[in-house]
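Asks: Here you go, sequence then predicted model.
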Amino acid sequence: MIQPPSASSAAESVFRGYLMLKRKEKEAAAFTANGLPIDRSIKIEKSQAAKRAEVNRNLVAYSFIAPNFIGFAVFTLVPIVFAFALAFLNWNGNTEMTWAGLDNFIYIFKNEMFLASLKNTFIYTIGTVPLTLVVSLFLAIVLNQKIRGRNFFRTVSFFPYVGSLVAITAVWNMLFNPSMGPVNEILMRLGVENPPRWIADNDWAMFTIILFSVWKYMGYYMVIYLAGLQGINSELYEAASIDGVNTWQKFWYVTLPQLKNTTFFILIMLTIQCFKVYDIVYMLAGAGSGALSEATTVLVYEIYNSAFRYWRLGVASAEALVLFAIVLVVTIIQFRLEKD
Amino acid sequence: MMIESTGQKVLKVLLYVFLIITAAIMILPFLWMLSASLKQDRDVFTFPIQWIPSEPEWSNYSKIWTQIPLLTYILNTVKLTLIVTLLQLFTSSFAAYAFAKLRFKGRNALFLGYVATIAVPWQAYMVPQFMMLREMGLNNTHLAIIILQAFSAFGVFMMKQFYEGIPTELCEAARIDGMTEYGIYAKIMLPLAKPSLSTLTIFTFVNTWNDFLGPYIYLTRDNLKTIQLGLRSFIGQYSSEYGLIMAGSVVTMIPVIAVFLSLQKYFVEGVASSGLKG
């Protein structure tokens, strides 16, 4: 059938156009189909090589991390997760675990010894942190001066930190022995009629422990302050000298602000360290009886007792979570303060 | 230098007075310990203090070895401390290299995991950790203590901070020369990291040597005990054997003091370069 030419041509042109379009598409498709595989294959080869290199790079990196990370993950991360779960369970380590809900937390906050340990730990921290901070800063500033025997003094002030705890607590208990110790002998010669009974007196026990801690740790934090001081640009001091600033002003307007980061770091480290105190207290106050009384008990001692004396692992974990929560909150607060 | 004014001179004298008093407070307890370790029990507390005993009681030092199995305790502690320190130095410096100088998938997430746990006190998870290790049959083994101490996040963190201060170009150059990453770690990074490694050694050595709670929980058999436990139980039993206690204390102190003194010249530098100052 012959169609009218116009119509047919029109139709044809449309059709051709359609075909052309189709062909173009096809061509395009062919082109891409032609192009792409090659393109793709290049890309695949490229990405395979790159991937292989990347995998290789990752593997090398993982091989560096693995020895530490595997140990760390299995023996630190897993127990941390487990600790959170355990706080909500009843378990004595042998029989089956049962769900406890918040019972463990309710129990510990009604337990007088635990509350006492909380109070004592706070007192210990509030006493130890500022004292250690001030003393170690002062010591560091002095030992940063050009003075004779600087290295000797630095080394000596580190002895209490290095010294074995059992040994140095034994010495302290003898030095501060209420009836025979040289400290009280000296105090009596100096005219103090009733020298404190130190660790043996409930009112003095915590103070004695704080005193010991400051003595033990000031050398360590002094070194960290010393490192901070050596990082201060000396031009700042020179500029201050030219401006006729006195020593005290230099300390207040140059040294202290420049040490802000160091102080912040020490503050966090010290606070955490104070909240987890155990062995110092145990060896000073528990030396005789091997147990801590209500006047000296601390958080970690309660955790230890709940777990390894009474085998109430859920309770121990609840107490441990309280310790963790305190440390976390203190750290967050200090970070906030740092920002302001 | 500027001419010192009288005010400055007075200040300097005050500084020395302060320093000498502080040094005395720091060191006198140790000297007293040494002196008491050479006295008979009844002479320990005589006042005024006789710093150098007229008739030194050397027998304290021989008696302490037979009164308690001190040699066993010391050998146990030496063994644990050496293994932990070596493991700690190796795994930390090794892992820290990847965190500081290599790019890889999951780097930030993994490192965050490390940093986050630094803030978690060990005492907060020591109980589940003990149950886990007991389940593995590691209660009353030295392996438990090694595991406890050898993989610290702190070591990795500290070494990473230090490596980051070493220019990356140094690694790049070595890579172009065809050195493997292991080679770069061993031949370039480690030799440069001496101050940092010394600092980490002091920390780990002191911590492991002096650790009490860890061994106290895990080691209940006498032949496994460390020196801290041994000395502590001796003090608990014979609290009035002052001379012996002090002799034992002196013996316990010697190794840590020796390690500290031999490495201390790197110490301030190490703390400074490791960014421990925050």
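Replies: Yes, it's here. Residues are numbered from 1 along each chain as shown, chains lettered A, B, ... in the order given.
Asks: only C-alpha atoms for contact and neighbour calcs from this point on.
Replies: Fine.
Asks: ok, A:V245 to chain B distance?
Replies: Using Cα to the nearest Cα, to the nearest Å, one obtains 14 Å as the distance from A:V245 to chain B.
Asks: Give the phi and psi angles for that residue, as a check.
Replies: As for A:V245, its main-chain torsions (degrees, to the nearest 10) stand at phi -80, psi 140.
Asks: Tell me how far it lies from B:P53.
Replies: Look at A:V245 and B:P53: by Cα to Cα, to the nearest Å, they are 53 Å apart.
Asks: pLDDT score assigned to B:G270?
Replies: Predicted confidence (pLDDT) at B:G270: the value is 67.
Asks: Give me the pLDDT value at the residue in the stretch 1-150 of chain B that chain A sits nearest to.
Replies: The shortest separation between the stretch 1-150 of chain B and chain A is 4.1 Å, found at B:A95 (distances taken as Cα to the nearest Cα). Looking at B:A95, its pLDDT reads 92.
Asks: Which strand or helix spans it?
Replies: helix B:70-101 (DSSP states H and E).
Asks: same for that helix, what does it pack against?
Replies: Helices and strands in packing contact with helix B:70-101 are listed as helix A:5-72, helix B:142-150, helix B:153-164, helix B:194-210, helix B:227-237; criterion 3 or more Cα pairs under 8 Å, 6 or more residues apart in numbering or on different chains; DSSP states H and E.
Asks: mean pLDDT lowest for which of those?
Replies: Checking each of those, the one with the poorest mean pLDDT is helix A:5-72, at a mean of 59.
Asks: Report the buried residues of the next helix or strand after that helix.
Replies: Next along the chain after helix A:5-72, taking DSSP H and E as the criterion, comes helix A:78-86. When burial is assessed from 16 or more other Cα atoms under 10 Å in any protein chain shown, helix A:78-86 yields the following buried residues: A:P79, A:I80, A:F82, A:A83, A:F84, A:L86.
Asks: The helix holding B:A95 to helix B:142-150, inter-axis angle?
Replies: What separates the directions of helix B:70-101 and helix B:142-150 is an angle of 40 degrees, with axes from the mean of the first three to the mean of the last three Cα atoms, to 10 degrees.
Asks: and the angle from helix B:70-101 to helix B:194-210?
Replies: Using the same axes, to 10 degrees: helix B:70-101 against helix B:194-210 is 140 degrees.
Asks: Now helix B:70-101: buried residues?
Replies: With burial defined by 16+ other Cα under 10 Å, the residues of helix B:70-101 counted as buried are B:70, B:72-74, B:76-78, B:80-85, B:87-101.
Asks: how far out from the middle of the chain is that helix?
Replies: Here helix B:70-101 shows a centroid-to-chain-centroid distance of 11 Å under the convention Cα atoms, centre = their mean, to the nearest Å.
Asks: next one: stretch A:281-296
Replies: Taking mean C-alpha positions (Cα atoms, centre = their mean), stretch A:281-296 and its chain are 27 Å apart.
Asks: Any buried residues in it, and which?
Replies: Counting neighbours by 16+ other Cα under 10 Å, one finds that the buried residues in stretch A:281-296 are A:V281, A:Y282, A:M283, A:L284, A:A285, A:G286, A:A287, A:L292, A:A295, A:T296.
Asks: avg pLDDT for stretch A:273-287?
Replies: Stretch A:273-287 shows an average pLDDT of 89 in the prediction.
Asks: That one vs chain B: in contact?
Replies: Yes: counting by Cα under 8 Å from any Cα of the partner chain, chain B is contacted by stretch A:273-287 at A:K276, A:D279, A:A287.
Asks: Inside helices: which ones of the residues you listed?
Replies: Using DSSP state H, the subset of these located in helices is A:D279.
Asks: domain assignment for the chain?
Replies: No chain was given, so I picked chain A. What automatic domain parsing lists as the domains of chain A is A:5-86, A:103-339.
Asks: That was the other one, I meant chain B.
Replies: Following automatic domain parsing, one finds the domains of chain B at B:6-57, B:62-273.
Asks: these two touch, right, B:A119 and A:A325?
Replies: No: contact between B:A119 and A:A325 fails when scored by Cα atoms under 8 Å: they sit 10.6 Å apart.
Asks: For these two, indicate the residue with more neighbours.
Replies: Summary of the neighbour comparison: B:A119 and A:A325, criterion other Cα atoms under 10 Å in any protein chain shown, with B:A119 having more neighbours (17 against 14).
Asks: Could you report the pLDDT at the more buried one?
Replies: In the predicted model, B:A119 carries a pLDDT score of 73.
Asks: cool, and the one 10 residues further on?
Replies: Among the per-residue scores, B:Q129 holds a pLDDT of 93.
Asks: Next: the one 10 residues further on.
Replies: For B:N139, the pLDDT comes out at 92.
Asks: B:K225 too?
Replies: 93.
Asks: Please determine how far it is located from A:I106.
Replies: For B:K225 relative to A:I106 (Cα to Cα), the value is 37 Å.
Asks: Neighbour count for these two, which is higher?
Replies: Set side by side, B:K225 and A:I106 give different neighbour counts by other Cα under 10 Å, the larger being at B:K225 (26 against 12).
Asks: I figured that one hits B:G214, correct?
Replies: No: here B:K225 does not reach B:G214: they are 10.9 Å apart, not a contact under Cα under 8 Å.
Asks: just checking, which of the buried residues of stretch A:281-296 belong to helices?
Replies: When the buried residues of stretch A:281-296 are checked against helices (DSSP H), the matches are A:V281, A:Y282, A:M283, A:L284, A:A285.
Asks: Closest one of those residues to chain B?
Replies: Here the nearest of those to chain B, counting by Cα to the nearest Cα, is A:M283; it sits at 8.1 Å.
Asks: Relative to A:G290, how far out is that closest one?
Replies: A:M283 sits at a distance of 8 Å from A:G290 (criterion: Cα to Cα).
Asks: Then B:I235?
Replies: Using Cα to Cα, one gets 10 Å for the distance from B:I235 to A:G290.
Asks: same thing with A:N173?
Replies: Taken as Cα to Cα, the spacing of A:N173 relative to A:G290 amounts to 14 Å.
Asks: same thing with A:E193?
Replies: Applying Cα to Cα, one obtains 30 Å for the distance of A:E193 from A:G290.
Asks: that older thread, which element follows the helix holding B:A95 toward the C-terminus?
Replies: Past helix B:70-101, heading to the C-terminal end, the next element that is a helix or strand (DSSP H and E) is helix B:107-118.
Asks: Can you name every helix or strand that that following helix contacts?
Replies: Packed against helix B:107-118, as judged by 3+ Cα pairs under 8 Å, 6+ apart, are the following elements: helix B:153-164.
Asks: Which residue is the nearest non-sequential neighbour of A:P182?
Replies: A:L175 (5.5 Å; Cα to Cα, 6 or more residues apart in numbering or on different chains).
Asks: Provide a list of residues in contact with the one you found.
Replies: A:L175 makes contact with A:G181, A:P182, A:V183, B:P29 under the criterion Cα atoms under 8 Å, 6 or more residues apart in numbering or on different chains.
Asks: Look at the first one and report its pLDDT.
Replies: Which is A:G181. The predicted structure lists A:G181 with a pLDDT of 88.
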